[in-house]
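Asks: please find the sequence and the predicted model below.
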Amino acid sequence: MGEPAGRGAISWDGDDYQRRFDALAATGQDVHGEAAFVRAYTPATVLDAGCGTGRVGIELARHGIEVTGADLDASMLDTARRRAPAVTWIESDLAALDLGRTFDVVLMAGNVPLFTTAGTEGALLAGVARHVRPDGVLIAGFSLDRGYTAADYDAHAAEAGLVLAERFATWDREPFDGGPYAVSVHRPR
C-alpha cells in the first residue's frame with residue numbers, strides 16, 4: 001500500500017492506488033517481485049493479509065495458487081473484486097481475522113504492519129499467525145525507519161508463536177545488513 005504520512009488508519013481510493021501500479025507495469029517495470037518471492041516457497045495456498053487491490057494475490061492466483069485476500073479497506077477490496085472475481089476477498093481487521101483454516105504462506109506485503117494503529121502490532125501478528133500451517137511461513141516486507149523495527153516485529157512474532165527463519169533486504173533476496181527495509185520469513189515454533 002502507499003506511503004503513510006503517519007502510523008495508523010488511512011483512507012484509500014482503490015482504483016487510484018491500482019492505477020499507480022498499472023502505470024509502472026506499462027513502462028515495463030516489474031511489479032511482481034513479492035509474488036516471485038512467495039512462489040519460491042511453492043505454496044498451494046496463500047493468505048494475502050492486507051491485500052489492498054490484490055496486486056500480489058492476483059499474480060499468485062495467475063500461477064495456479066489458491067489465494068484468499070483480506071483487507072480492512074472496502075475501496076481497495078472493491079478494486080480487487082473487479083479485477084479478480086474468482087479470488088476470495090474478505091473484508092476484516094487482520095487482528096480479528098479468523099478464517100478457520102491455515103495456509104502454506106501468509107503474506108503481508110506493502111508495509112502492512114505500518115498501517116496498523118501503533119500499539120496494535122502484537123494483535124496484528126497474532127491474527128495472521130493463527131493462519132500459518134505448522135510447516136508454513138509468514139512473510140512480511142516493510143520499511144524499518146518509521147518507528148517499528150525488525151526487533152519489534154520479531155518480538156511480536158515470537159509472542160504469536162513464530163521464529164525468524166530468514167531475513168532479506170529486498171524481495172530480490174539481497175542480504176539484510178540492517179538497512180531501512182526488511183523482508184522477514186517466520187515459521188511456527
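Replies: Looks like it arrived, so ask away.

Asks: next, the buried residues of stretch 76-88.
Replies: For stretch 76-88, burial by neighbour count (16 or more other Cβ atoms under 10 Å) applies to Met76, Leu77, Asp78, Thr79, Ala80, Arg81, Arg83, Ala84, Val87. C-beta here means a position set from N, CA and C on the backbone, and glycine is covered the same way.

Asks: ok now it, how far from the chain's centre?
Replies: Put simply, stretch 76-88 sits 16 Å off its chain's centre (Cα atoms, centre = their mean, to the nearest Å).

Asks: what do you get for stretch 84-100?
Replies: Distance, centroid of stretch 84-100 to centroid of chain: 13 Å (Cα atoms, centre = their mean).

Asks: so which of the buried residues of stretch 76-88 belong to helices?
Replies: Counting by DSSP state H, the buried residues of stretch 76-88 place Met76, Leu77, Asp78, Thr79, Ala80, Arg81, Arg83 in helices.

Asks: related to what we said a few turns ago, next, format the buried residues of stretch 76-88 as CSV and append pLDDT and distance to Phe37.
Replies: Shown next, in CSV, are those (pLDDT from 0 to 100; distance: Cβ to Cβ, whole Å):
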residue, pLDDT, distance to Phe37
Met76, 88, 21
Leu77, 93, 23
Asp78, 92, 27
Thr79, 93, 23
Ala80, 94, 20
Arg81, 96, 25
Arg83, 93, 21
Ala84, 95, 20
Val87, 97, 19
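
Asks: out of these, which comes closest to Gly64?
Replies: Gly64 lies nearest to Val87 out of the buried residues of stretch 76-88, by Cβ to Cβ, at 12.4 Å.

Asks: could you check how far the closest one is from Leu94?
Replies: According to Cβ to Cβ, to the nearest Å, Val87 and Leu94 sit 17 Å apart.

Asks: same question, Pro180
Replies: The spacing between Pro180 and Leu94, counted by Cβ to Cβ, is 24 Å.

Asks: for these two, indicate the residue with more neighbours.
Replies: Leu94 (26 against 9; other Cβ atoms under 10 Å).

Asks: what about the helices in this protein?
Replies: Under DSSP H, the chain gives helices at 14-26, 33-39, 55-62, 74-83, 121-129, 150-159.

Asks: packing partners for the second one?
Replies: Read it as helix 33-39. For helix 33-39, the packing partners by 3 or more Cβ pairs under 8 Å, 6 or more residues apart in numbering; DSSP states H and E come out as helix 55-62, strand 103-108, strand 132-143.

Asks: can you pull the buried residues of that helix?
Replies: Residues of helix 33-39 classed as buried: Gly33, Glu34, Ala35, Ala36, Phe37, Val38, Arg39 (neighbour count, 16+ other Cβ under 10 Å).

Asks: I figured the second one hits Ile58, correct?
Replies: No. Here Glu34 does not reach Ile58: they are 11.7 Å apart, not a contact under Cβ atoms under 8 Å.

Asks: hey, what's in contact with both of those two?
Replies: Shared contacts of Glu34 and Ile58 (Cβ atoms under 8 Å, 6 or more residues apart in numbering): none.
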